[in-house]
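1. missing the sequence, but the structure's below:
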């Protein structure tokens, strides 16, 4: 019992280690300080943090390196925080509330908001330092290839839903006097760090949902040992995860860049310009412009497969409880990275 209580208390506190590899949490802390929102303390009280605390958190966010070593270099071992009423508290006095890491929290803690917020912080910092209202950003993959150049960038905006459906783009770079750059962002650094490339339901668009390979996969499933038929209806067996490799290159590219994929066409919410994974880093180059990098990055027009073989899109179906897909009850059919989930069998 004592061990359990100790664990619960530890998990309820913020600490320097709880910032490691968590840009969403840092972004949420910055937002609360900027908006004078109160933090809950472990003693049951509340405190508004003085804006002088922003500098170190913004330095961490802007640097893009959330390692333990970097955090200690910025904050020191026992950082003190100044409250708006002139008191000092430790970071461990802050309670790890829902908006600082809870599973049901929203806004910056959602993955796409966190990435957008971090990128906005980077751009704002550079605009301030350069004393300008716009900059030029080069998108650089992990091999040093330039994928795209965005000129007159002023900031980042949320994409939002289109017709009540989430599009492929998570957010856009606002470029003064020219079209925005549409970005799809994935969390983490590995194939199994994000959920899926995309769905295959009608919400994904008929180009995907009615693609012959998707339709044939569903039909072959109905005739397989993994699906049982009862009273004219089809039911996927529980604990089933079945896959099939995709032959059509365009179907793979639509899953990655959007159902309106057109390599030479204009960017759009369903024809994104850039797919990025991981924490963004923005650095000035010798030309006076800025290079944007992250763990992995792909450009629709200058396509280079920076993600690697583990990210190859495949069709999978897995048991999804009350869900149904392509006429099969209990089925959740998706397009996944091949190394994103263990597949029971390929058919």
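-> Great, that's in hand. Nothing here was measured: the structure is a model prediction, and the numbers come from that model.
2. how far off centre is stretch 195-213?
-> Here the centre of stretch 195-213 is set off from its chain's centre by 20 Å, with CA atoms, centre = their mean, to the nearest Å.
3. list the buried residues in that stretch.
-> By 16 or more other CB atoms under 10 Å, the buried positions in stretch 195-213 come out as 196, 197, 198, 199, 200, 201, 204, 205, 208, 209, 211, 213. Where C-beta positions appear, they are placed from N, C-alpha and C, glycine not excepted.
4. tell me the one of the residues you listed nearest residue 226?
-> Distance to residue 226 across these (CB to CB) is lowest for residue 200, with 16.9 Å.
5. the closest one and residue 146, how far apart?
-> Taking CB to CB, to the nearest Å as the criterion, residue 200 is separated from residue 146 by 33 Å.
6. all helices of the chain, in order?
-> In the chain, the helices defined using DSSP state H lie at 2-12, 23-34, 54-63, 68-75, 111-130, 206-209, 212-222, 249-257.
7. can I see the domain layout of this structure?
-> As given by automatic domain parsing, the domain ranges for the chain are 2-106, 108-191+259-310, 196-249+311-346.
8. got the ones you listed as JSON lines, with mean pLDDT columns?
-> Below are the domains of the chain laid out as JSON lines (pLDDT from 0 to 100):
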{"stretch": "domain 2-106", "mean pLDDT": "79"}
{"stretch": "domain 108-191+259-310", "mean pLDDT": "90"}
{"stretch": "domain 196-249+311-346", "mean pLDDT": "95"}
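9. figure out which of the helices of the chain is closest to residue 284.
-> The closest of these to residue 284 is helix 111-130. By CB to CB, the value is 7.6 Å.
10. could you say what helices and strands the closest one packs with?
-> If contacts are counted by 3 or more CB pairs under 8 Å, 6 or more residues apart in numbering; DSSP states H and E, helix 111-130 sits against helix 23-34, helix 54-63, strand 135-140, strand 146-158, strand 171-175, strand 181-186, strand 281-284, strand 290-293.
11. what is the longest one packed up against?
-> The reference is to strand 146-158. helix 111-130, strand 135-140, strand 171-175, strand 181-186, strand 296-299.
12. please apply the same query to the second one.
-> The elements that helix 54-63 packs onto, with contact taken as 3+ CB pairs under 8 Å, 6+ apart, are helix 23-34, helix 68-75, helix 111-130.
13. what's near enough to touch the nearest residue in space to residue 262 that is not next to it in sequence?
-> What sits nearest to residue 262 in space, not counting adjacent residues and going by CB to CB, 6 or more residues apart in numbering, is residue 271, at 5.7 Å. By CB atoms under 8 Å, 6 or more residues apart in numbering, the contact list for residue 271 reads 168, 182, 257, 258, 260, 261, 262, 265, 300.
14. what distance do you get for residue 271 to residue 257?
-> 6 Å.
15. how about residue 41?
-> Distance, residue 41 to residue 257, by CB to CB: 46 Å.
16. looking at those two, which is more packed in?
-> The neighbour comparison of residue 41 against residue 257 (other CB atoms under 10 Å) goes to residue 257, with 28 against 14.
17. list the contacts for the more buried one?
-> Neighbouring residues of residue 257 by CB under 8 Å, 6+ apart: 168, 184, 271, 272, 275, 300.
18. out of the residues you listed, who has the most neighbours?
-> In terms of neighbours by other CB under 10 Å, those top out with residue 272 at 28 neighbours.
19. hmm, residue 182 and that one touching each other?
-> Yes: with contact defined as CB atoms under 8 Å, residue 272 counts as touching residue 182 (4.3 Å).
20. overlap in contacts, the two.
-> Contacts common to residue 272 and residue 182, judged by CB under 8 Å, 6+ apart, are 168, 169.
21. so residue 235 sits against residue 325, correct?
-> No: Residue 235 is not in contact with residue 325 according to CB under 8 Å; the separation is 11.9 Å.
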